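Visitor: 3D, please:
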Amino acid sequence: MLDLVWKGVLIGIGATVVMDIWAIVLAQLPGESMPNWGPVGRWFCHLPRGTVFHPDIGASEAHPYESAVGWIGHYAVGILYGVVFLLVMGQNWLEHPTFLPAWVWGIITVAAGWFLLQPGLGMGWAASKTANPTKVRVMNLLAHSWFAVGLYGTALLLR
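Guide: All right, here's what the predicted structure looks like:
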């Protein structure tokens, strides 16, 4: 089991890197930008105080190094997703990875963003309070699909 956990850590890192490469490529298009992990870091910093949902994370108290905390949180969540996925799928999937389970897991993980993080930042359920909720949702699904590509691709490299 420890072997699955360590390989899950690697798969989670690999998947998060692929997701970030997608973000870098996407940011080259007109009207697109890199994700800002500062508000996410601020959200993480407020969690120990018991505040999960903010009306507007931008109006909440700032914390030093919140951007770094956001990046660390982004990778910690990606690692957690990789470990949980591999523990559920088991050694057989690791020895013979297939894309479909990774993609289903990638899509399932969107739920945490839609129903915890986005409302926590003040964006509403599934980005319902944003200027263009449909675009945000589609971009979330695309990003998590690239996360799935990273899960699958890293598993292929580890095999």
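Visitor: residues in contact with stretch 41-52?
Guide: Applying C-beta atoms under 8 Å, 6 or more residues apart in numbering, the contact partners of stretch 41-52 are 54, 57, 60-63, 65-73, 116-117, 120-121. The C-beta positions use only the backbone N, C-alpha and C, and glycine is treated the same way.
Visitor: all helices for this protein, in order.
Guide: 2-26, 38-46, 66-95, 99-108, 110-112, 118-121, 133-158 (DSSP state H).
Visitor: buried stuff in stretch 76-90?
Guide: Going by neighbour count (16 or more other C-beta atoms under 10 Å), the buried part of stretch 76-90 is 77, 78, 79, 81, 82, 83, 85, 86, 89.
Visitor: Would you reformat those as TSV and include distance to residue 140 and pLDDT?
Guide: Shown next, in TSV, are these (distance: C-beta to C-beta, whole Å; pLDDT from 0 to 100):
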residue	distance to residue 140	pLDDT
77	14	98
78	14	98
79	19	98
81	14	98
82	18	98
83	21	98
85	18	98
86	23	98
89	23	98
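Visitor: would you turn the residues you listed into JSON lines with distance to residue 37?
Guide: Below are the buried residues of stretch 76-90 laid out as JSON lines (distance: C-beta to C-beta, whole Å):
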{"residue": "77", "distance to residue 37": "11"}
{"residue": "78", "distance to residue 37": "12"}
{"residue": "79", "distance to residue 37": "15"}
{"residue": "81", "distance to residue 37": "16"}
{"residue": "82", "distance to residue 37": "19"}
{"residue": "83", "distance to residue 37": "21"}
{"residue": "85", "distance to residue 37": "22"}
{"residue": "86", "distance to residue 37": "25"}
{"residue": "89", "distance to residue 37": "28"}
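Visitor: Quick check: the two most widely separated of those?
Guide: For the buried residues of stretch 76-90, the farthest-apart pair by C-beta to C-beta is 77 and 89; their separation is 18.3 Å.
Visitor: Which residue is the nearest non-sequential neighbour of residue 149?
Guide: Residue nearest to residue 149 in three dimensions, not counting chain neighbours: residue 18, with 5.6 Å by C-beta to C-beta, 6 or more residues apart in numbering.
Visitor: Much appreciated, bye for now.
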